[in-house]
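**Student:** Task: produce atomic coordinates for the following.
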Amino acid sequence: MVKTEDDRLNETVVDYCRQHLPFYMVPSMWSFVDHLPINDNGKIDRKRLPRVSHNRHQDEVITPRTELEEQLQLIFAQAFHMPLDGIDVTLSFELLGGTSLGIIHALSMIRSQIYEGVDVNLLLTYSSIRRLAVKLESLRLCENASNRPAEDSKITLSYPKPCLAIETAGIFVLGV
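**Tutor:** Just a heads-up that it's a prediction; the model follows:
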């Protein structure tokens with residue numbers, strides 16, 4: 001694949017930002033423009049800036065394979081304020097245009113709709129919908145297996161143990 005001048009410029013700017021800024025301040029999406037539109041007050045007119053495509057990284061969007069991936073896709077579409085058909089389940093949340101506020105909003109919805117035990121570290125570690133769905137499915141299976149007692153088996157909670165009670169009149173042995 002031949003890199004264009006825009007690709008080389010993009011890499012240079014991203015590398016510079018990564019060296020001089022904290023990771024959370026490096027933008028996940030870039031759009032290069034020839035000039036910045038200025039409004040009447042001399043400020044940058046954000047409304048006239050070109051829109052950055054949320055899915056400019058691939059020509060084809062990878063769609064969900066499972067019901068859980070579909071649920072997560074819907075949650076992240078709502079949390080990131082994106083169209084549902086623009087969310088690729090294999091892209092990282094950063095490449096999807098997710099913000100820290102969007103991640104926290106998604107975390108809240110996942111806890112209420114899918115699995116209560118999710119924390120933000122899980123979202124950062126499994127940073128795509130597909131990877132997160134696989135992990136959540138395994139967590140739910142483990143939880144279901146540990147909460148279900150084996151059929152027709154008695155569970156002994158404890159065994160009787162002798163107790164000693166010391167009184168002024170002597171020693172008593174109880175519960176032997």
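**Student:** C-alpha only now, for contacts and for neighbours.
**Tutor:** Will do.
**Student:** so how many other residues sit close to Val13?
**Tutor:** 14 (other Cα atoms under 10 Å).
**Student:** Look at it and tell me its secondary structure.
**Tutor:** Under DSSP: H, G, I helix; E, B strand; the rest coil, the three-state class of Val13 is helix.
**Student:** Let me know the distance separating it from Met25.
**Tutor:** According to Cα to Cα, to the nearest Å, Val13 and Met25 sit 13 Å apart.
**Student:** how about the helices in this protein?
**Tutor:** 5-20, 67-79, 100-113, 120-125, 129-147 (DSSP state H).
**Student:** just checking, what packs against the third one?
**Tutor:** Judged by 3 or more Cα pairs under 8 Å, 6 or more residues apart in numbering; DSSP states H and E, helix 100-113 is in contact with helix 67-79, helix 120-125.
**Student:** right, and those helices - which one's nearest Arg140?
**Tutor:** Arg140 lies closest to helix 67-79 among the helices and strands packed on helix 100-113, at 11.3 Å (Cα to Cα).
**Student:** Quick one: residues in contact with the closest one.
**Tutor:** With contact meaning Cα atoms under 8 Å, 6 or more residues apart in numbering, helix 67-79 is reached by 64, 82-84, 87, 89, 102-103, 105-106, 109-110, 129-130, 133, 137.
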